[in-house]
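**Student:** Sequence and predicted model, in that order:
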Amino acid sequence: MSMNYQQAYLESKFSCIHCGVYAMQEWGHLYYGSAESLGSKSSDFEYCKCLYCHKETFWFQGRMIIPADGPAPQAHTDTPQALLDEYNEARDIVARSPRAAAAIMRQTIHKLMPVLGQKGDNVNVDITALVKNGLPIEIQHALNYCRVIGTDATKPGEIDVNDNAEIACSLFHVFNFIIEDRISGPIKIKALCDSLPEEAREAIDQGDVAPNELQFVR
């Protein structure tokens, strides 16, 4: 998963919200009045043009308003289709309502648990099981901080008055990390193993080759 450099007011480079490429950005003011008139005046609206895809975002008083999804990263490319709509819904409103976006993302993380082979009844139990199975414990700590799990957890879909943009954006990043670690990682490992010579694959399937011996298999 590539890094996402958040869109920020007047920054000269960041990840374009349209194409996702980390690219140079060109800023300018929007004007009102007749184009043929010398009386055109600068408005409080500004545009930012990606110099890679040439698409624009529009800003008002330092805040992106079109598109409205603001600083949240795009969904990981391996996000299950069943969860993609909810993720994008949260991303679409995070600039306008971080608390609503956080509520949707908590619900989306809950719905991710059965996809990862967990029961889905208790997210605390599910995350603990995933950590025992190799998910970095730091993700468990992050979910506790974001009140997805733990004694102060907010029920999925409920608005938490203590949520802010930082919490909401953290939930997007944590979700994408879980996808990378639990879904994309195994896919990449399988592709790597499939690319090995046949005798190496057979030895791995039979458990005859230790990981540090793979380099010597021809």
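**Tutor:** Right, received. Where do you want to start? Note that the coordinates shown come from a computational prediction; the quantities given were computed from them, not determined experimentally.
**Student:** Doesn't Leu135 belong to a helix?
**Tutor:** No. Looking at Leu135 with DSSP: H, G, I helix; E, B strand; the rest coil, it is coil, so not inside a helix.
**Student:** Tell me which residues touch it, please.
**Tutor:** Contacts were defined as C-beta atoms under 8 Å, 6 or more residues apart in numbering; by that measure Leu135 touches Ile127, Ile178, Asp181, Arg182. (C-beta placed from N, C-alpha, C; glycine too.)
**Student:** where's it relative to Leu112, distance?
**Tutor:** 12 Å (C-beta to C-beta, to the nearest Å).
**Student:** hey, what's in contact with both of these two?
**Tutor:** Residues touching both Leu135 and Leu112 (C-beta under 8 Å, 6+ apart): Ile178.
**Student:** Show only the entries of the contacts of Leu135 found in strands.
**Tutor:** Among the contacts of Leu135, the subset assigned to strands under DSSP state E is empty.
**Student:** right, and the pair among those with maximum separation?
**Tutor:** Based on C-beta to C-beta, the longest span within the contacts of Leu135 runs between Ile127 and Asp181 and measures 12.3 Å.
**Student:** Mind splitting the chain into its structural domains?
**Tutor:** 1-32+42-67, 81-189 (automatic domain parsing).
**Student:** Pick the most buried one from these.
**Tutor:** Across the domains of the chain, averaging neighbours per residue (mean count of other C-beta atoms under 10 Å) puts domain 81-189 on top, at a mean of 17.
**Student:** Can you give me the end-to-end span of that one?
**Tutor:** Terminal residues of domain 81-189 lie 22 Å apart, using C-alpha to C-alpha, to the nearest Å.
**Student:** now swap in stretch 9-21 and tell me
**Tutor:** Stretch 9-21 stretches 17 Å from its first residue to its last (C-alpha to C-alpha).
**Student:** How far does it sit from its chain's centre?
**Tutor:** Offset of stretch 9-21 from its chain centre (C-alpha atoms, centre = their mean, to the nearest Å): 15 Å.
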